[in-house]
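Peer 1: Coordinates for the following, if possible.
(2 chains)
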Amino acid sequence: MDKMIFLVGLNHRCAGVDVREKFALTNVADFEKSLLAACPLREVMALSTCNRVEILVVADVDRCAGIDLPEAVLRHWAETCAGPLSTLREHTYRHTSLDAVTHLFCVAASLDSMVMGEPQILGQLKTSYRKAVETGTARVIINRLLHKSFSVAKRVRTETAIASSAVSISYAAVELAKKIFGELSGKTAMLVGAGEMAELAATHLLASGIEKLYITNRTFSRAQELAKTMHGEAILFEGMVDQLRDVDIVISSTGSPTAIIRARDIREVLKKRRNRAMFFIDIAVPRDIDPDVNALDNVYLYDIDDLKEVVEENMSARQGEAVKARAIVEVETQAFATWLKSLALQPTITDLLGRAEDVANRELAKTLKRLGEVDDQTRQALEVLVASVSRKLLHEPICFLKRRTREEGTAERFIDMTRRIFNLDADAVIDDAHLDRRTVDDEALDCECCRDDDALLTRAALKDQPAPPGLTNQTSQPNQTGQPDQTGQK
Amino acid sequence: MALPELLPILVIALYFLGTVLFVVGSALRNEFLKNTALGLATLGFALHTLDLAQFLTGAEAAQNLTAGRFLFCLLGWGILSIFLLLWWRLGLKFLAVVAMPLALVLYVTANATVGVNTKLPPMLSGLFFFLHIGTLFSSMALLAMAFGAGLAFLHLEKRIKAKAGLKQFQKDMPSLDTFDRVNHFAALCGFPLYTLGLASGYVWAWLSARRVFSLDPKEVMALLVLVLYAYLFHQRLTMGWRGRKPAVMAICVFLLTVISMLGINFLVPTTFHGFKP
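Peer 2: Numbering: from 1, shown residues only, chains lettered A, B, ... in the order given. Coordinates of the predicted model:
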């Protein structure tokens, strides 16, 4: 039964804010369930944020022959939001099969975001996925696809520098301050005038460990008010220049038409503070701080345009990193395509038998090495033995799988389960996966069955008795015949 | 080969590998490579110490003190020990870029000058040795670190002042303040050491030859360095100089010491300070 993955959605590039508002699914309860009821689909997951709506759908190809599924999904979406279908059709994009996979990976890795590299989208995607799992609309394919997309996002974050540089003005200011002063703990800052951006920058500074924040304003009461909310100290506007000798970072954003901090004042201040470095951030337009201040030694002045430039440069650096990130997405999409193809009965049986044969041959080689010279007859007998043990062991599971595939809708669940139990896709297992669902305390995961049994065999040979049952814990005890301790019964 | 013969090769190999790995690690922003490099350099440093100890405990210890090999060896060792000290106290991994190649070059130079003994001065005694050469070498090692930190400071400051934006490499550098602290340290400790080294030299010259100043080109240079160093010390500690000016000054002073140390040793005939091959 062939599966079809497709994705319809809209984002900040193709739809204006009015359209995004209209068709947001943030407040719609159980959209996935109603969509499943309305259309012949197998799995659904919807993601809705302020910048995008994405609806990911998996359907059986033969069940929906002759139906334009994307159109049906759009119609249901339009009905749910009580909006015109034509508008929706005009502003949405549609991706099918691997294009949809690539698109989802790009969204998860924040390559498609308005601010490329921002971390929120991944969290939003995780929340949506959890909701879909809880309502039961996400199954094998969406499970796998989303898990993959989380790991793609992680790879992109660690292997590229896409999220490493500051792309907001206030954050860029903090980064610069760190480059000048090193650690910000023990430093002091002053807010001259109050404005939204200045407050934001001050909050960032406080978060990175600034010790003291002075706040000054032409109207003292406003300064006091702000000092209370930001845990700072209000000072009089007239005393501002005198106070500067104790201040390392100044953020200025007054509405003054002329400069309020002049180079010659600062020269005096510098003498008093023995040339300890100062960092001025001038967010006001027109500027509050005389540009000549920057020419003084140990004084650094950034105005709003300078900071914007820093941010833009960082943005363009991110664009460069995005090329690397897209290459990662490409590779992972191909890996997903391979998995999708293997999610059928025949490839899984082939893989299972291959895996078993592999193990059998490896163990056979070991045993032959230990036995030394053997005649051909013995060798053939051993070969037949391992091959038949491994095949017989798999006979029942394979029959079970075959029976299940005849039933409607359960096949890929069991096939996926089998692939995971036998780790046929050679996925790396993360240590902390499903940590929240674990009930037992950490037990050693490696069991005795995969331990090398050389030691056991040699010990058994020495004692001249049959090899102990290698799967029980008793093998480590001296009394290992598998029988209860006789002495205790006397 | 016995250990003593093998030791220099091992040290050179470790320093070389450390230097290369550190540069590559810095370029690739790979912390693991950098830490491996520092580990190698520390191991090299331990062997280097062993090498020096061998010199001092050997039968010809007194003679060895004036051997060219020993002196270069000691200077390299001093630079690396100051670097390790700064790394430990200030977390200045970055200065390895300066310290490791310098230690390597000095150690290789030392081994190129094997067998060369200066015709120096019978009046050399252990005490004089540590007063004169030990102090001068430590202050030069401090200057070398201040030189590296100064160059980094100037580069980073220029980028910040010009609002040119920081590249990834510059983002990984320590802050301006950290570089300035190295400069402070070098001025604070280095200048007294340098003064002590020079003064002891003059005292000894007077005691042994009844003459203080012999117009030896090296002595002239050393006096010039002392004056500049004193200026840096004074401005830094009493006038509160910080940042760019002391950084430039430290760079100049270091270059002058290098000229007086190597240039004069190898190029100009000198009375008794040359320990050239």
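Peer 1: Going by C-alpha atoms from here, please, whenever you check contacts or count neighbours.
Peer 2: Noted.
Peer 1: Now do the SS call for the closest residue to chain B within the stretch 301-450 of chain A.
Peer 2: Using Cα to the nearest Cα, the single residue of the stretch 301-450 of chain A nearest to chain B is residue A:310, 5.4 Å away. Secondary structure state of residue A:310, per DSSP: H, G, I helix; E, B strand; the rest coil, is helix.
Peer 1: Next one: it from residue B:224, what distance?
Peer 2: Here the criterion is Cα to Cα, to the nearest Å. By it, residue A:310 lies 44 Å from residue B:224.
Peer 1: Could you check which of the two is surrounded by more residues?
Peer 2: residue A:310 (23 against 16; other Cα atoms under 10 Å in any protein chain shown).
Peer 1: ok, so what distance separates that one from residue A:298?
Peer 2: 20 Å.
Peer 1: Could you list the buried residues of stretch A:403-411?
Peer 2: By neighbour count with 16 or more other Cα atoms under 10 Å in any protein chain shown, stretch A:403-411 contains the buried residues A:404, A:405, A:411.
Peer 1: what about the residue in the stretch 201-350 of chain A that chain B sits nearest to, how many residues close to it?
Peer 2: Taking Cα to the nearest Cα as the measure, the point where the stretch 201-350 of chain A comes nearest chain B is residue A:274, at 4.9 Å. Residues lying near residue A:274 (other Cα under 10 Å) number 17.
Peer 1: Give the helix, strand or coil label for the closest residue to it other than its chain neighbours.
Peer 2: Of all residues not flanking residue A:274 in the chain, residue B:240 sits nearest, at 4.9 Å (Cα to Cα, 6 or more residues apart in numbering or on different chains). The three-state assignment at residue B:240 reads coil, by three-state DSSP.
Peer 1: so what's the backbone phi/psi at residue B:240?
Peer 2: The phi and psi torsions at residue B:240 (degrees, to the nearest 10) take the values phi 70, psi 30.
Peer 1: Need the pLDDT of it.
Peer 2: As predicted, residue B:240 sits at a pLDDT of 82.
Peer 1: That one contacts residue A:277, doesn't it?
Peer 2: No - the criterion here is Cα atoms under 8 Å, and residue B:240 misses it with residue A:277 at 11.5 Å.
Peer 1: More neighbours: the two, which one.
Peer 2: Higher neighbour count among residue B:240 and residue A:277: residue A:277, with 20 against 16, using other Cα under 10 Å.
Peer 1: How about the contacts made by that one?
Peer 2: By Cα atoms under 8 Å, 6 or more residues apart in numbering or on different chains, the residues touching residue A:277 are A:180, A:181, A:248, A:298, A:299, A:300.
Peer 1: Name the SS class of residue A:24, please.
Peer 2: Classified using three-state DSSP, residue A:24 is coil.
Peer 1: ok, it - how many residues close by?
Peer 2: Residue A:24 has 21 neighbours, counted by other Cα under 10 Å.
Peer 1: residues touching it, list them.
Peer 2: A:48, A:49, A:50, A:52, A:53, A:81.
Peer 1: Of the residues you listed, which is the most crowded?
Peer 2: residue A:52 (25 neighbours).
Peer 1: Tell me the residues on the stretch 101-250 of chain B that lie near chain A, please.
Peer 2: Residues of the stretch 101-250 of chain B lying near chain A by Cα under 8 Å from any Cα of the partner chain: B:160-161, B:163-165, B:171, B:174-178, B:239-244.
Peer 1: List only buried entries from those.
Peer 2: Buried among those (16+ other Cα under 10 Å): B:160-161, B:163, B:165, B:171, B:174-178, B:240-244.
Peer 1: Tell me which two in these are the farthest apart.
Peer 2: Pairwise distances across those (Cα to Cα) peak at 28.7 Å, for the pair B:165 and B:240.
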